[in-house]
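In: requesting a structural model of the entry that follows:
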Amino acid sequence: MSAALSLEALRLGYEGPGGLHTVVEDFSLALDAGDIGCLLGPSGCGKSTVLRAIAGFEPVRAGRIRLGGVTLSSPEVHLPPERRRVGMMFQEYALFPHLDAARNVAFGLRRLPHAEQHRRVAKMLALVGLPDAGERHPHQLSGGQQQRIALARALAPEPALLLLDEPFSNLDGATRERLTTEVREILKAAGQTAVLVTHNEAEARAMADRVGVMHEGRLTDWGGSRRG
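Out: Here you go, the predicted model:
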């Protein structure tokens, strides 16, 4: 089976007074469709930079990013973020406080007919275990429930790839542990290919099919395969 996501010898960095400051160097990995990959490492190791490059928010200085066989980024190619079919979920759930849960989930579906929007929203709310929460506003939801609504919103447009940037870091330990398992089950039920970044090893091992350890902008391992 060919990889859904392929990163090939990436170099990422930014221009400074002295030229290019390299943040990520010679970075390669492949992730199969339906698998959850995790980049594990401390703050400053480059894991969020990789995520931003996949999403289209960082230029690729060398190498290539491919998704479903299509080149998203290289030194010669840069597909805009809105054309990548890549969803993102951050540690700040960024739910719109003036919208109820259903309208938050529907936010990325505005181009669909209303009947299709309602169908997708109902399906996503059921998928995340909150089928009756559609009329509740974010302030009426617990932190864990807000996180699940944010996940439903990210999944609603059916992205080819979902990126999760430290999504559990704002939660207490018990809620984080419970939701790590729940989110994995939700992603697996949806058949969703995903990449998570975290500094929490237990979270990485519980959530991911493959775990990549990052150190100073390089991938030192890409293993820990699990299934189910």
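In: name the SS class of residue 171, please.
Out: Of the three states, residue 171 takes coil under DSSP: H, G, I helix; E, B strand; the rest coil.
In: what sits against the closest residue in space to it that isn't next to it in sequence?
Out: What sits nearest to residue 171 in space, not counting adjacent residues and going by C-beta to C-beta, 6 or more residues apart in numbering, is residue 143, at 5.6 Å. For every residue, glycine as well, the C-beta is placed using N, CA and C. The neighbours of residue 143, taking C-beta atoms under 8 Å, 6 or more residues apart in numbering as the test, are 170-172, 175.
In: would a markdown table of the residues you listed with neighbour count, distance to residue 83 and pLDDT be doable?
Out: Formatted as a markdown table, those follow (neighbours: other C-beta atoms under 10 Å; distance: C-beta to C-beta, whole Å; pLDDT from 0 to 100):
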| residue | neighbour count | distance to residue 83 | pLDDT |
| --- | --- | --- | --- |
| 170 | 15 | 30 | 73 |
| 171 | 19 | 32 | 75 |
| 172 | 10 | 38 | 76 |
| 175 | 15 | 35 | 79 |
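In: redo the residues you listed as CSV? Include distance to residue 19.
Out: As requested, these are arranged in CSV below (distance: C-beta to C-beta, whole Å):
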residue, distance to residue 19
170, 37
171, 41
172, 44
175, 45
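In: need the phi and psi values for the residue nearest the centre of the chain.
Out: Central residue of the chain (C-alpha atoms, centre = their mean): residue 163, 1.2 Å from the mean position. Main-chain dihedrals, residue 163, degrees, to the nearest 10: phi -110, psi 130.
In: for it, name its beta-bridge partners.
Out: Going by DSSP bridges, residue 163 is paired in beta bridges with residue 88, residue 195.
In: elements contacting the helix or strand hosting residue 15?
Out: Residue 15 belongs to strand 5-16 when assigned by DSSP states H and E. Under the contact definition 3 or more C-beta pairs under 8 Å, 6 or more residues apart in numbering; DSSP states H and E, strand 5-16 sits against strand 19-31, helix 47-55, strand 62-67.
In: what's it in contact with?
Out: 20-31, 37, 46, 49-50, 53-54, 58-67, 161, 193, 195, 217.
In: same question for it, mean pLDDT?
Out: Average pLDDT, strand 5-16: 94.
In: helix or strand for residue 219, which one?
Out: Using DSSP H and E, residue 219 falls within strand 218-223.
In: dump that strand to PDB, restricted to CA.
Out: Output in PDB follows, covering the C-alpha atoms of strand 218-223 (Å, rounded to 0.1, in the frame of the first residue of the first chain):
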ATOM      1  CA  ARG A 218      15.800  15.600  13.000                       C
ATOM      2  CA  LEU A 219      13.700  12.500  13.200                       C
ATOM      3  CA  THR A 220      15.600   9.900  15.300                       C
ATOM      4  CA  ASP A 221      13.000   7.200  15.100                       C
ATOM      5  CA  TRP A 222       9.800   6.300  13.300                       C
ATOM      6  CA  GLY A 223       8.400   3.100  14.800                       C
END
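In: report the buried residues of it.
Out: 219, 222 (16 or more other C-beta atoms under 10 Å).
In: same check on stretch 164-183?
Out: Buried residues in stretch 164-183 (16+ other C-beta under 10 Å): 164-168, 171, 176, 179-180, 182-183.
In: switch those residues over to a markdown table; also include secondary structure and distance to residue 102.
Out: What follows is the buried residues of stretch 164-183, written out as a markdown table (DSSP: H, G, I helix; E, B strand; the rest coil; distance: C-beta to C-beta, whole Å):
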| residue | secondary structure | distance to residue 102 |
| --- | --- | --- |
| 164 | strand | 22 |
| 165 | strand | 25 |
| 166 | coil | 26 |
| 167 | coil | 21 |
| 168 | coil | 24 |
| 171 | coil | 23 |
| 176 | helix | 26 |
| 179 | helix | 21 |
| 180 | helix | 26 |
| 182 | helix | 20 |
| 183 | helix | 20 |
